[in-house]
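Participant: task: produce atomic coordinates for the following.
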Amino acid sequence: MKKHLLLACLLLFGLLQSVCADGIHLPTMGWSSWNCFGLDVTYTKIQGQALAMTKKGLDKVGYLYVNIDDGFMNGRDKNADTVIVNKIRFPYGIRSVADYIHKKGLKAGIYTDAGDNTCGSGNSAAWGCGVGFYGHEDMDAKMYFDKWDFDFIKVDFCGGLHAGIDEQEAYTRIREAIDKCDKKDIVYNVCRWGYPGTWISDVADSWRMQGDIYLGWSSLIGIIRENLYMGAFMSPGHYNDMDMLEIGRGKDGYGNFLTPTEEKTHMAMWCFMASPLLIGCDLNKISTASLNILKNTELIAINQDSLSAGPYVTHRFDSVYVMVRDLKESHGPRRAIAVWNMADHPRTVNVALTDLGYSSVAQLREAVERVEAVASVFNDTIHASVPAHGTLVYVAEGTRCEETVYEAEAAWKSCYQKIHGDKKSANVVSSSVCSGGVKVGNIGLGDDNRLEWRNVWSDTGGEYELTLYFLSAGARNVNVVVNGTNSVWITGCSSGSFNRLGNKKCTVLLKKGMNTICMKNDRAYMPDIDRFTLQFIRIPEGIRTATDNDVKKVDYYDLQGRKTSGTSRGVTIRKTTYFGGKQESKKVR
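Facilitator: Residues are numbered from 1 along each chain as shown. The predicted model follows:
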């Protein structure tokens, strides 16, 4: 047991160190004031939480940010064009709080709105009106980061709605203002209470993908279910924010609470899905049991894994979901496997190793309870017994095999957002006839509304039979494009009904290693898609398979560590990965 805890701590330390080396932010870990204190924030309270964080050893396992949410302002000085700090709540000014936090070896976070007013002001309280970024982007960014020395900012949108501004334009202007600051390494969190669209990855480090969390099991269910099919939108330095943690809050004034099992699920799924981890309780009142859940280094190591591979659902057994994500290396030997039971009774599920991407497993450890679990595997199947409202998270290591099933809901959806119902967007909707209980519809009619699976692995490269499973009342067509070049059309896709499954086949050519398969139709709608499967056929004559010295992939990052297309202006970092595992980084223009 001690050996595994030491290994987990060493792994976590290494991951945290890699943030500075690569310049890429991992999911933010720390504490935030809102769930605990609401608008009643003061210098003394923030100081007390920073002190408690270090005394309880939370900083030693990665919790570094102490974030002040809404309530510190007192209007705007129109002559100086700066936000006024409430002198009663913060008699020594707001910079003094950041300085205290920094002296503790921690990082300081602050709050504002993309529009004119903060959410807590209700668009009427004078202290919170006119204090937002809108119209003051450059000045306020310099104030928060260069003058006040904050390291993190959460930007709400209540004032944005009040001002009637476009969120993409507003949040992009703020990004540009942050980049102009002398201070670098700033974490930018967007709080729009729903996934804004794929543009957000070019703007923010993290973004809220759902409404506000509250203390209760039903809130956890809603947030987890919303995030089940959003793993493709995260990447190194960019994460789906599931909101603050309710662990350790005990029972609220309405009698709401989380059981110990539910608190463990809360931590397990936030870690597995790579959400920022911002504690929301009073650290001076937290129980030992809740504190230990927050300090689970084996779960934290999964959350902070530098590969930042998006998790995806492989199985649904009624109320039980099974998900996977790679750790450390794409298609490498190590994966995390989550089994989440949202039912009110215990469940046991059996999953074949091959369905989880393994031909065999040499090591299996359960991270929630921190126990060895290899005994759960027999007859090449994992047998998982999950308590009511519980979660198991396995860390597996073994020999990988090619995956043969790719669900539509796991794809990167180029036109997807959860804010504006009147705008074009791909939809993930329930379907009892589909393999995972859902399908993706409203796709096509433009190159901007396509599906991409960026994790299609081939051991050898070669020809594969692709079988597409779809639903459509009339004949529709799908253009299948492999690695941006090889294209084949699957035409006449009709199952007779959008509630009936049909299938058609085509042949695709994959390269050795990782491939991207895109499905699109620039001129018309595609059928609703359930999934596709791949079956190896052969390696054609004259096709050379990749060697260890061939390039596997090339990624580009800006100097703030954000992944880019490689075509943006200015200096970028080109990171080349070879099939043999070697990596090279080089500055390019």
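
Participant: run a quick neighbour tally on residue 57.
Facilitator: 11 (other C-beta atoms under 10 Å). Every residue, glycine included, has its C-beta placed from N, CA and C.

Participant: per-residue pLDDT, it?
Facilitator: On pLDDT, residue 57 comes in at 98.

Participant: which non-adjacent residue is nearest it?
Facilitator: Leaving aside its chain neighbours, residue 57 sits nearest to residue 295 (6.9 Å; criterion: C-beta to C-beta, 6 or more residues apart in numbering).

Participant: the one you found: what's it in contact with?
Facilitator: Contact analysis of residue 295 by C-beta atoms under 8 Å, 6 or more residues apart in numbering lists 57-58, 61.

Participant: look up how far residue 248 lies from it.
Facilitator: For residue 295, the distance to residue 248 (C-beta to C-beta, to the nearest Å) stands at 11 Å.

Participant: just give me the neighbour total for the nearest residue to residue 409 once chain neighbours are set aside.
Facilitator: Using C-beta to C-beta, 6+ apart and skipping the chain neighbours, the partner closest in space to residue 409 is residue 229 (4.2 Å). Residue 229 has 22 neighbours, counted by other C-beta under 10 Å.

Participant: make sure residue 229 is indeed in a strand.
Facilitator: No - secondary structure assignment places residue 229 outside any strand; it is coil (DSSP: H, G, I helix; E, B strand; the rest coil).

Participant: domain assignment for the protein?
Facilitator: Domain ranges of the chain: 312-400, 405-538, 551-588, per automatic domain parsing.

Participant: circling back: the contacts of residue 295 in helices, which ones?
Facilitator: Within those, no residue falls in helices by DSSP state H.

Participant: tell me which of those residues fall in strands.
Facilitator: Using DSSP state E, no member of these falls in strands.

Participant: for the protein, give me the ranges with low pLDDT.
Facilitator: Under the criterion pLDDT under 70, the flagged ranges of the chain are 1-22, 542-553, 557-572, 578-583, 585-589.

Participant: which strand runs longest in it?
Facilitator: Secondary structure of the chain read by DSSP E shows that its longest strand is strand 497-510.

Participant: partners of that one in the sheet?
Facilitator: Note on strand 497-510: by DSSP bridges, its sheet partners are strand 462-472 (antiparallel).

Participant: report the buried residues of the partner strand.
Facilitator: For strand 462-472, a neighbour-count test (16 or more other C-beta atoms under 10 Å) marks 462-464, 466-472 as buried.

Participant: please compute how far that strand lies from its chain's middle.
Facilitator: 29 Å (C-alpha atoms, centre = their mean, to the nearest Å).

Participant: gap between residue 477 and residue 491?
Facilitator: For residue 477, the distance to residue 491 - C-beta to C-beta - is 5 Å.

Participant: so between those two, which is more surrounded?
Facilitator: residue 477 (16 against 11).

Participant: who does the helix or strand encompassing the more buried one pair up with?
Facilitator: Using DSSP states H and E, residue 477 sits within strand 476-482. Strand 476-482 has these partner strands in its sheet, going by DSSP bridges: strand 486-493 (antiparallel), strand 513-520 (antiparallel).

Participant: how far off centre is that strand?
Facilitator: In terms of C-alpha atoms, centre = their mean, the centre of strand 476-482 is set 28 Å apart from its chain centre.

Participant: which residues does the nearest residue to residue 246 once chain neighbours are set aside contact?
Facilitator: Closest residue to residue 246 apart from its sequence neighbours, by C-beta to C-beta, 6+ apart: residue 215 at 5.0 Å. Contacts for residue 215 (C-beta under 8 Å, 6+ apart) come out as 246, 249, 252, 256-258.

Participant: quick one: buried ones out of these?
Facilitator: 246, 249, 256, 258.

Participant: quick one: the residue lying closest to the last one once chain neighbours are set aside and residue 32, what's the gap?
Facilitator: What that stands for is residue 258. Closest residue in space to residue 258, ignoring its immediate chain neighbours: residue 246 at 6.1 Å, by C-beta to C-beta, 6+ apart. Distance of residue 246 to residue 32, given as C-beta to C-beta: 12 Å.
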